[in-house]
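S.K.: Based on what follows, work out the 3D shape:
(chains A and B)
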Number of protein chains: 2
Amino acid sequence: MPPISPQAKTRILRGDNRAEYGKESIAQVLDSSFLCHVGFTVNGEARVIPTAYVRVDDAVYLHGHLKNQMMNALLDGQTASICVTLLDGLVLARSGFKHSVNFRSVTLFGKAEKVADDEKEDLLDILVDYMVPGRASQIRPPTPQELNATLVLRIPIDEAAAKIRTGPPLDKEPDYETDVWAGVINLETHIAEVENCPDLKEGIELPEHIDSYLSQKKIFV
Amino acid sequence: MPPISPQAKTRILRGDNRAEYGKESIAQVLDSSFLCHVGFTVNGEARVIPTAYVRVDDAVYLHGHLKNQMMNALLDGQTASICVTLLDGLVLARSGFKHSVNFRSVTLFGKAEKVADDEKEDLLDILVDYMVPGRASQIRPPTPQELNATLVLRIPIDEAAAKIRTGPPLDKEPDYETDVWAGVINLETHIAEVENCPDLKEGIELPEHIDSYLSQKKIFV
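M.R.: Numbering: from 1, shown residues only, chains lettered A, B, ... in the order given. Sure thing, here's the model as predicted:
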């Protein structure tokens, strides 16, 4: 990760007690999810699209079809805004004004570059393995046609900030004396179940990389 | 919800087998989460910020501090892009190319309007009750100062589309004969625990609205 410092777009203007500009905090949040929301413009108007990503060193990588509108818009020279958000809990205070959520989020800015053809396959493997470790080597490798139909974009993290809230509600002083219950409801994402593909070839058992993925108690953390 | 039909910004260009423009599908996805990502522009560049929302009829409502940069940018006449995404599962196919996720998402577009002062308190109650049903009547009501410091924005849903993927991996025909395991790992968000505020006044027990919130098996669905 490059040196990151608050710049015009990432200086947290309000709630700056929750702001973090350290490379480690930013990397930690980015490495806790694989789903981001990409902000870009088309004809001067904002659009937001969810997509998968992986962080490698000082960049995040996105992929999509050659004709994908977002991927092509990102290649027109504009600065993309990418946001990753993990919701950790509901913060229920004694007043509505002090209600909040515990969360970790990163907003980063960068200009997309096309990843060269001879690096695409490696990056796509990294993307698959980032989602489910060990899977890339177990699946059928991409064909030249599939690689040609896929764009991989590198977004160097030119500017970034993390915003993190943890802990109990922080109420206004007199409200602590009221009879209102206050606290935090913590949330976690879990694996609910695994379903074999209904067309699975007979005799194929759950492979080790899936077994070990399933053994995680919670995911994205 | 108003009649919604695919328009320039919301016509799904690729993967249109996953597109839904029906009002009910759109409302169902919007009513399954309270966290959205708001896309807007500042000096012509896209920004994305996560925030809470609630849908009422044919609009979504956001709130924030009077001086919040996003809230004020949304009031400059631009069209906001709001995206809600629920991740339901990892779709692990026999090739990397066919890997996907099961998800429900809505992207909508609209121009923000300020909610009038005399409607603000009701909307803020609706926001609190949407997050935890029954809570608004149990907390200390907002002071005039708090109401003055809070902006509530109405974003009429002028254009919207839902994109939904469910079901098993869809592989290329010859890949079904390979020995690769394929299937879906379903994900769910649960309540992990509830923590009383450490400064809770003695003798306050968990109120009924929290008990009944905690009795949900999974949330956001």
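S.K.: In terms of secondary structure, what does the helix ranked longest in chain A contact?
M.R.: For chain A, the longest helix by residue count, based on DSSP state H, is helix A:117-131. Counting contacts by 3 or more Cβ pairs under 8 Å, 6 or more residues apart in numbering or on different chains; DSSP states H and E, helix A:117-131 packs against strand A:54-56, strand A:59-65, helix A:144-148, strand A:150-156. All C-beta atoms are positioned from the backbone trio N, CA, C, and that covers glycine.
S.K.: Can you classify A:Asp171 as helix, strand or coil?
M.R.: Assigned with DSSP: H, G, I helix; E, B strand; the rest coil, A:Asp171 falls in the coil class.
S.K.: Could I get the full set of helices for chain A?
M.R.: A:23-30, A:69-74, A:117-131, A:144-148, A:208-214.
S.K.: looking at the ones you listed, which is closest to A:Ser95?
M.R.: helix A:23-30 (28.7 Å; Cβ to Cβ).
S.K.: how about that closest one, does it reach chain B?
M.R.: No. Helix A:23-30 lies out of reach of chain B by Cβ under 8 Å from any Cβ of the partner chain, never closer than 12.0 Å.
S.K.: Just want the angle from that helix to strand A:59-65.
M.R.: 30 degrees (axes from the mean of the first three to the mean of the last three Cα atoms, to 10 degrees).
S.K.: Could you pull out the buried residues of helix A:23-30?
M.R.: Buried positions in helix A:23-30, judged by neighbour count with 16 or more other Cβ atoms under 10 Å in any protein chain shown: A:Lys23, A:Ser25, A:Ile26, A:Ala27, A:Val29, A:Leu30.
S.K.: Show me what the worst-scoring helix or strand of chain A on mean pLDDT is packed up against.
M.R.: Here the helix or strand of chain A ranked lowest by mean pLDDT, DSSP states H and E is strand A:19-20, holding a mean of 74. Counting contacts by 3+ Cβ pairs under 8 Å, 6+ apart, strand A:19-20 packs against strand A:159-165.
S.K.: from the chain's centre, how far out does the strand it packs on sit?
M.R.: 13 Å (Cα atoms, centre = their mean, to the nearest Å).
S.K.: is chain B contacted by that strand?
M.R.: No. Using Cβ under 8 Å from any Cβ, strand A:159-165 never reaches chain B; the gap is at least 9.1 Å.
S.K.: Now that strand - C-alpha only, PDB.
M.R.: Only the C-alpha atoms of strand A:159-165 are listed here, as PDB (Å, rounded to 0.1, in the frame of the first residue of the first chain):
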ATOM      1  CA  GLU A 159      -6.500   8.500  -2.500                       C
ATOM      2  CA  ALA A 160      -8.300   6.600   0.300                       C
ATOM      3  CA  ALA A 161      -9.800   6.900   3.700                       C
ATOM      4  CA  ALA A 162     -11.400   4.400   6.100                       C
ATOM      5  CA  LYS A 163     -14.200   5.300   8.400                       C
ATOM      6  CA  ILE A 164     -14.800   3.000  11.300                       C
ATOM      7  CA  ARG A 165     -17.300   3.100  14.200                       C
END
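S.K.: Can you list the buried residues in it?
M.R.: Per 16+ other Cβ under 10 Å, strand A:159-165 contains these buried residues: A:Glu159, A:Ala160, A:Ala161, A:Ala162, A:Lys163, A:Ile164, A:Arg165.
S.K.: ok, now stretch A:177-186?
M.R.: A:Val180, A:Trp181, A:Ala182, A:Gly183, A:Val184, A:Ile185.
S.K.: So which of those belong to strands?
M.R.: A:Gly183, A:Val184, A:Ile185 (DSSP state E).
S.K.: I'd like the residues you listed laid out as a markdown table, including pLDDT and distance to A:Ile49.
M.R.: Shown next, in a markdown table, are these (pLDDT from 0 to 100; distance: Cβ to Cβ, whole Å):
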| residue | pLDDT | distance to A:Ile49 |
| --- | --- | --- |
| A:Gly183 | 98 | 36 |
| A:Val184 | 98 | 31 |
| A:Ile185 | 96 | 30 |
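S.K.: Return the closest of these with respect to A:Arg135.
M.R.: Distances from A:Arg135 to these, taken by Cβ to Cβ, are shortest for A:Ile185, at 33.4 Å.
S.K.: ok, what's across the strand from the closest one?
M.R.: Counting by DSSP bridges, A:Ile185 forms beta bridges with A:Leu90, B:Val194.
S.K.: ok now do it, which residues does it touch?
M.R.: A:Gly89, A:Leu90, A:Leu92, B:Val132, B:Ile191, B:Glu193, B:Val194, B:Ile210, B:Tyr213, B:Leu214 (Cβ atoms under 8 Å, 6 or more residues apart in numbering or on different chains).
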